[in-house]
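[1] quick one, fold the following:
(one chain, ligands or ions: 1)
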Amino acid sequence: MSLFYPTIYRRRITDLSVELMHRLGVQGILLDVDNTLTPHDDPTVDASILAWLDTVRQAGFLLMVVSNNSDERVRPFAEKLGLGYQAKAAKPLPHGYRAAARAMGFSPRHCLVVGDQIFTDILGANLAGMPSVLLEPIEPEVKQKFIVFKRRIERLLMRNARQRRRREGDYENA
Ligand SMILES: [Mg+2]
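    The predicted model follows:
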């Protein structure tokens, strides 16, 4: 079951402080696109997220986009942000994450996966041996039936995880 649990969870990507990432011991950050940086199929990025990217870059972290979406969606998006990218990464298979870590010159445990889906981002991070942050999706999916189904199971898993963390006294993440 632990393959489905993130290292931590937060509401928004902007809730990830530089201090927290130092505490996690990471140097590279692998970012999901859809519903992590921007709503599905939205080519724009919110100003608060642009500011966060700047802060994190200035603090010396390397960032890369790792998305299951197509090259047509991911490339212009990553280029606009000035980030390297992996499109069609086939998450939760870990090879896209591992390739991104190699490209940045870091070992997997020094790369933080940031995403909004347990069954792609978090499972992939755990298979790749990377710490991870599960975010709440920016916008609820109503049209993508398969994602709506996965969200239901995710909620059950997260409820379980919260109960476990409370039992273990980890109130920061509970
Ligand atoms: Mg996503």
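
[2] mind giving me the packing neighbours of the lengthiest helix in the chain?
    Scanning the chain for the helix with the most residues, using DSSP state H, yields helix 145-167. Taking 3 or more Cβ pairs under 8 Å, 6 or more residues apart in numbering; DSSP states H and E as contact, there are no helices or strands that helix 145-167 lies on. Heads up, the C-betas are built off the backbone N, CA and C, glycines and all.

[3] measure the nearest residue in space to residue 36 that is not next to it in sequence to residue 167 for me?
    Spatial nearest neighbour of residue 36, excluding adjacent residues (Cβ to Cβ, 6 or more residues apart in numbering): residue 116 at 5.0 Å. For residue 116, the distance to residue 167 equals 26 Å [Cβ to Cβ, to the nearest Å].

[4] go on, residue 54?
    According to Cβ to Cβ, residue 54 and residue 167 sit 39 Å apart.

[5] what does residue 68 give?
    Applying Cβ to Cβ to residue 68 and residue 167 gives a distance of 34 Å.

[6] settle it for me: which of those two has more neighbours?
    Between residue 68 and residue 167, counted using other Cβ atoms under 10 Å, residue 68 has the larger neighbour count: 22 against 9.

[7] list the contacts for that one?
    By Cβ atoms under 8 Å, 6 or more residues apart in numbering, the contact set of residue 68 is 88, 89, 90, 91, 120.

[8] in what helix or strand does it lie?
    According to DSSP states H and E, residue 68 maps onto no helix or strand at all.

[9] pull up the gap between it and residue 163, please.
    Distance, residue 68 to residue 163, using Cβ to Cβ: 30 Å.

[10] before we move on, back to that, closest one of the contacts of residue 68 to the ion?
    residue 120 (6.9 Å; Cβ to the ion).

[11] hmm, the helix-or-strand element of the chain with minimal mean pLDDT in reach of the ion?
    When each helix and strand of the chain is scored by mean pLDDT, DSSP states H and E, helix 145-167 comes last, with a mean of 85. No - under the criterion of Cβ under 5 Å from the ion, the ion is not reached by helix 145-167; the shortest gap measures 8.7 Å.

[12] can you give me the strands in this structure?
    8-10, 28-31, 62-66, 84-86, 111-115, 132-135 (DSSP state E).
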